[in-house]
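S.K.: sequence unknown, structure follows:
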Ligand code: HEC
């Protein structure tokens, strides 16, 4: 079983990388169109009281230019968050990412992406890491070879509880990085999209 899952999952990592490249190309076109007609339904409506941590430049860069079945994408074609109702409501993927993060990552990276003595604050890392870099590190792991303390980011490439929710983790952490989402458990959320249901079933079952 163990052997089989390794064989099946190699192509998954390669597929992820390929899918990402294709997506960027397609969405560059969409971004042009979206620039011409900004859609107010895609705008974030944040909690005015949460201004302290807000990085306006990042927030503008992360702005959604497109939504397809509950999945928001930015001008570069990467998945992004959508926050409404004065910061009280998040898109499905941000909510799901919050839950996955606190199941798989927070033991090392601290609650709410705040970091720990062992691992960096991902709310800061995601200010600069691209989607591709993020996926690469999470799938393949990372080791600080210069550190005398041997800090290791494990490779999660064969953990479906992580790989099947890569975009979810990414958008949640992007929302933390720009300050759009504070140190809160997201309350209200958009309905779980049919595409998320389908992708989850295929990913976990395959
Ligand atoms: C066993 C502890 C541990 C767990 C669990 C863990 N990480 Fe890490 N992670 C680390 C360490 C340590 C580093 C720093 C490695 C280095 O500097 O080379 C790191 C680095 C990273 C980086 C690169 C950050 C940067 O600034 O370069 C990303 C992205 C990341 N982790 C994402 C995740 C995600 C997402 C999860 C959950 C799916 C996760 N990690 C779970 C220990 C962990």
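M.R.: Structure received. Since this is a predicted model, take the numbers as computed values, not measurements.

S.K.: residue furthest from the geometric center of the chain?
M.R.: residue 148 (30.5 Å; C-alpha atoms, centre = their mean).

S.K.: okay, that residue: pLDDT?
M.R.: pLDDT recorded at residue 148 is 74.

S.K.: Distance of the residue nearest in space to the middle of the chain relative to residue 85?
M.R.: Against the mean C-alpha coordinate of the chain, by C-alpha atoms, centre = their mean, the closest residue is residue 170 at 1.2 Å. Taking C-beta to C-beta, to the nearest Å as the measure, residue 170 falls 22 Å from residue 85. All C-beta spots, glycine's among them, are computed from the backbone N, C-alpha and C.

S.K.: repeat for residue 108
M.R.: On the measure of C-beta to C-beta, residue 108 and residue 85 end up 32 Å apart.

S.K.: Name the residue in these two with the higher neighbour count.
M.R.: residue 108 (16 against 12; other C-beta atoms under 10 Å).

S.K.: Please look at that one and residue 116 and confirm they touch.
M.R.: Yes: counting by C-beta atoms under 8 Å, residue 108 does reach residue 116; the two are 6.3 Å apart.

S.K.: At the contact with the ligand, which residues of this structure appear?
M.R.: Within the chain, the residues that sit near the ligand (C-beta under 6 Å from any ligand atom) are 104-105, 107-109, 118-120, 122, 125, 129, 134, 137-138, 142-144, 151-154, 156, 162, 169.

S.K.: Going along the chain, name the helices of the chain.
M.R.: Remark: helices assigned in the chain by DSSP state H are 2-36, 56-61, 92-104, 106-109, 122-125, 131-140, 160-163, 166-177, 194-205.

S.K.: quick one: average pLDDT of the fourth one?
M.R.: The reference is to helix 106-109. Helix 106-109 comes out at a mean pLDDT of 97.

S.K.: Other residues contacting that helix?
M.R.: 101, 112, 115-116, 118-122 (C-beta atoms under 8 Å, 6 or more residues apart in numbering).

S.K.: Repeat the analysis, applying 6 Å as the threshold.
M.R.: If you take C-beta atoms under 6 Å, 6 or more residues apart in numbering as the criterion, helix 106-109 is touched by 118-119, 122.

S.K.: Also stretch 164-182?
M.R.: Here stretch 164-182 has contacts from 46, 50, 53-55, 58-59, 62, 79-81, 83, 93-94, 96-98, 100-101, 113, 122-123, 126-127, 134-135, 203-204, using C-beta under 6 Å, 6+ apart.

S.K.: List the buried residues of that stretch.
M.R.: By 16 or more other C-beta atoms under 10 Å, the buried positions in stretch 164-182 come out as 164-182.

S.K.: where does the chain have low pLDDT?
M.R.: 1-38, 147, 206 (pLDDT under 70).

S.K.: do that again at 90, thanks
M.R.: 1-41, 47-53, 143-151, 184, 187, 206 (pLDDT under 90).

S.K.: For residue 90, give me its contacts.
M.R.: 83, 186, 189.

S.K.: By neighbour count, which of those wins?
M.R.: residue 83 (24 neighbours).

S.K.: So what does the nearest residue to that residue once chain neighbours are set aside look like in phi/psi?
M.R.: Spatial nearest neighbour of residue 83, excluding adjacent residues (C-beta to C-beta, 6 or more residues apart in numbering): residue 44 at 4.8 Å. Phi and psi for residue 44, reported as degrees, to the nearest 10, are phi -80, psi 140.

S.K.: Lovely, talk soon.
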